[in-house]
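Asker: Provided below are the primary sequence and the corresponding predicted coordinates.
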Amino acid sequence: MKIIDLTHTIAPGMPVYPGDGRPQIFPVRTCEADGFRETSIQLYSHTGTHVDAPGHVFPEGAMLGDFDISFFVGTGLVIDASGVGPGGCIGILHIEKYREKAERADFLLFNTGWDKVWGLDGYMRNFPVISWEVADYLVQTQKRGIGLDTPSLDPQGSSPPLMLHRRLLGQERGFLVFENLCNLGLVGDNLFTFAALPVKCSGVDGSPVRAIAIL
């Protein structure tokens, strides 16, 4: 068994979506003064590698706590979209190459290679996104979720906003969107076990996750 970490490290100076606050991580107790160490961690629910719940875009949508924990673990498949480039669109032809395996997967994760610019000025701008045809495929094949190595499912500044989020998260059976994944290029093109568990909080629309691929 081999485990690949698909998660960016949370740190004070890390990239965050425009308008979000950066994580605040600071000691509140120390071994020297208190005999033990404790740290305060303050962050937005969509910080770093994270998952979006339907409640992220729908007032009455399900929150993460409404999902059984088993929903966050399933069969994954990485789709190679590394040739798309900045501002490009991931189309259904990217899936066609893997069609037989894609039909058996619970989660499709798209490797655009955008994680290579994590931490650079351009990471939050002009990143690749999926097409409406891909979104329709995910709905029609009743996938549990999508994963991307980009900051968002939708292009920044799209109007109306977050329409791809609404298309996918609006399904009655439930759906999850994982963003800011990394290392997808190390997974290969075979089916594997994908696990991305959120912090167990009440009433949250998203959460950082520790995402892994189990080969």
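Answerer: Here it is on my side, so go on.
Asker: Please state the mean pLDDT value computed over the longest helix along the chain.
Answerer: In the chain, taking DSSP state H as the definition, the longest helix is helix 132-140. The average pLDDT within helix 132-140 is 97.
Asker: From the chain's centroid, how far away is whichever helix or strand comes after it?
Answerer: Sequence order places strand 145-148 as the next helix or strand after helix 132-140, per DSSP states H and E. Mean C-alpha position of strand 145-148 versus that of the full chain (CA atoms, centre = their mean, to the nearest Å) differs by 6 Å.
Asker: which residue ranges form the strands in the chain?
Answerer: 3-5, 24-29, 38-42, 50-52, 73-80, 89-90, 107-111, 129-130, 145-148, 176-179, 192-198, 206-214 (DSSP state E).
Asker: I'd say F178 and D149 touch.
Answerer: No: counting by CB atoms under 8 Å, F178 sits too far from D149 to count as a contact (9.6 Å). For the C-beta atoms, the positions are set from N, CA and C on the backbone; glycine is no exception.
Asker: Tell me which of the two has more neighbours.
Answerer: Neighbour tally, F178 and D149, criterion other CB atoms under 10 Å: the higher count belongs to D149, 29 against 25.
Asker: Report the contact partners of that one.
Answerer: Applying CB atoms under 8 Å, 6 or more residues apart in numbering to D149 gives the contacts 110-115, 180-182, 184.
Asker: a markdown table for those, including distance to M163?
Answerer: Listed next are the contacts of D149 as a markdown table, based on distance: CB to CB, whole Å:
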| residue | distance to M163 |
| --- | --- |
| F110 | 18 |
| N111 | 23 |
| T112 | 20 |
| G113 | 25 |
| W114 | 20 |
| D115 | 24 |
| N180 | 20 |
| L181 | 22 |
| C182 | 26 |
| L184 | 24 |
